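Colleague: got a predicted model here, sequence first, then my questions.
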Amino acid sequence: EIVFKIKDFDHLEFYVGNAKQAAHFYISAFGFHPYAYCGPETGIKDRVSYVLRQNKIFFVLTTPILSSHPASKWLFKHGDGVRDIAMVVESHQKAHDSCLSRGAVTIDAPKISEDKNGKFGKSSIKAYGDTIHSFVSRSDYNGHWAPGFKELKMSEVICEDPGLIKIDHVVANVEVDNMEYWKEFYENIFGFSTFVKFDETDISTEYSSLKSVVVRSKNWNVKLPINEPAEGLKKSQIEEYLEYNEGPGVQHIAL
C-alpha cells in the first residue's frame with residue numbers, strides 16, 4: 001500500500017544557460033509573470049533561479065554560477081531542459097522514505113529550511129535519465145516561494161494573457177524497450193495507475209512511430225506519458241530526441 005498522497009505538480013525546474021533571458025522569453029511570449037528570485041543577492045552563491053508564475057503553473061529557471069553546481073555538467077551534456085518535475089505532498093520526508101523503501105534512488109535527502117515565514121520541506125529522487133522528482137511540503141510556509149528567495153520584480157513586457165491554467169502532463173522519452181520499465185517504476189514506487197496505452201499502430205507516420213503509455217496519480221492531477229521509439233522506415237522522432245539529448249529526458253510539457 002502506497003502511504004503518501006501526491007496532491008499535484010508543484011513546479012517544473014529547467015536548467016538553462018541564461019535564466020534571465022529565458023525568463024524574459026516566458027514572460028513576453030507565454031504571458032508568465034515574475035514571481036521569485038534567488039542568487040548572490042539573496043545569499044545563494046552557486047546559482048541564480050527565476051521563478052515565474054501563471055495561474056497554477058510555476059516554472060523555475062536555474063543557471064549555475066559556479067562550475068561545481070550540478071547544472072553545469074547537465075547543460076554541457078543536454079543543453080537547456082527540464083531537470084525537476086516537482087510534486088506537492090503532505091510530507092516530503094514520508095514521500096521520499098516510502099519511495100526509497102520500494103527501490104527508488106535518492107538525490108537529495110529530506111531537508112527542512114526555515115526563515116521568519118515558517119518551514120519549507122523538500123527531498124528528491126532519481127527518475128529517467130538525468131531527470132529527478134522533488135517532493136515539496138509547503139503547508140507550514142507562508143513566505144515567497146521558499147527560504148532564500150525574494151519577490152522578483154522585472155520590467156514586464158505586456159503580453160496578451162494566453163490564459164494558461166495548470167500543468168496537464170509532462171512527457172518522457174526513454175530508450176527502446178524501456179517504456180515498460182518506467183511504467184512499472186511509477187506504478188510500484190508512486191502508486192500510479194496506467195490508464196492509456198498506444199502502440200505503433202496508433203501513433204505512426206510512414207517514417208516515424210512510437211509506443212506510449214500514460215501513468216497518473218490517484219487524483220488524476222499528475223499525468224506522465226512515457227514514449228519509446230518503435231520501428232519505422234527512418235529514425236523516429238523519439239530516437240532523434242534521445243540522440244541529441246544524449247539520453248532520456250522530458251520531451252514536452254502540456255499546459
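Modeller: Nice, thanks for sending it over. These numbers come from a predicted model, not from an experiment.
Colleague: tell me the contacts of Q54?
Modeller: Contact criterion CB atoms under 8 Å, 6 or more residues apart in numbering gives F30, G31, F32, H33, L164 as the residues in contact with Q54. Placement of C-beta: from N, CA and C, glycine included.
Colleague: my read: the fourth one touches N55, true?
Modeller: Spelled out, that is H33. No: the pair H33 / N55 is not scored as a contact, 9.8 Å apart, by CB atoms under 8 Å.
Colleague: can you pull out the helices in the chain?
Modeller: With helices called from DSSP state H, the chain shows them at 19-30, 70-78, 92-101, 179-185, 237-244.
Colleague: next, format those helices as a markdown table and append mean neighbour count, mean pLDDT and distance to P110.
Modeller: A markdown table is the format used below for these (neighbours: other CB atoms under 10 Å; pLDDT from 0 to 100; distance: least, CB to CB, whole Å):
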| stretch | mean neighbour count | mean pLDDT | distance to P110 |
| --- | --- | --- | --- |
| helix 19-30 | 17 | 95 | 26 |
| helix 70-78 | 16 | 98 | 18 |
| helix 92-101 | 20 | 96 | 4 |
| helix 179-185 | 17 | 97 | 20 |
| helix 237-244 | 17 | 93 | 32 |
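Colleague: mind putting those helices in CSV, distance to A86 included?
Modeller: Listed next are the helices of the chain as CSV, based on distance: least, CB to CB, whole Å:
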stretch, distance to A86
helix 19-30, 17
helix 70-78, 15
helix 92-101, 10
helix 179-185, 17
helix 237-244, 22
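Colleague: now stretch 225-244: how far from the chain's centre is it?
Modeller: Here the centre of mass of C-alpha atoms in stretch 225-244, compared against the chain's by CA atoms, centre = their mean, to the nearest Å, lies 21 Å away.
Colleague: compute the first-to-last residue distance for it.
Modeller: Terminal residues of stretch 225-244 are spaced 20 Å apart (CA to CA, to the nearest Å).
Colleague: how about the strands in the stretch 101-250 of the chain?
Modeller: Along the stretch 101-250 of the chain, the stretches classed as strands by DSSP state E, counting those that start in this stretch are 106-115, 118-126, 132-137, 150-151, 169-173, 193-198, 209-216, 223-230, 249-254.
Colleague: dump those strands to a markdown table, plus mean neighbour count and distance to P40.
Modeller: Shown next, in a markdown table, are the strands of the stretch 101-250 of the chain (neighbours: other CB atoms under 10 Å; distance: least, CB to CB, whole Å):
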| stretch | mean neighbour count | distance to P40 |
| --- | --- | --- |
| strand 106-115 | 14 | 18 |
| strand 118-126 | 19 | 21 |
| strand 132-137 | 23 | 23 |
| strand 150-151 | 14 | 12 |
| strand 169-173 | 21 | 30 |
| strand 193-198 | 13 | 44 |
| strand 209-216 | 21 | 39 |
| strand 223-230 | 23 | 35 |
| strand 249-254 | 18 | 28 |
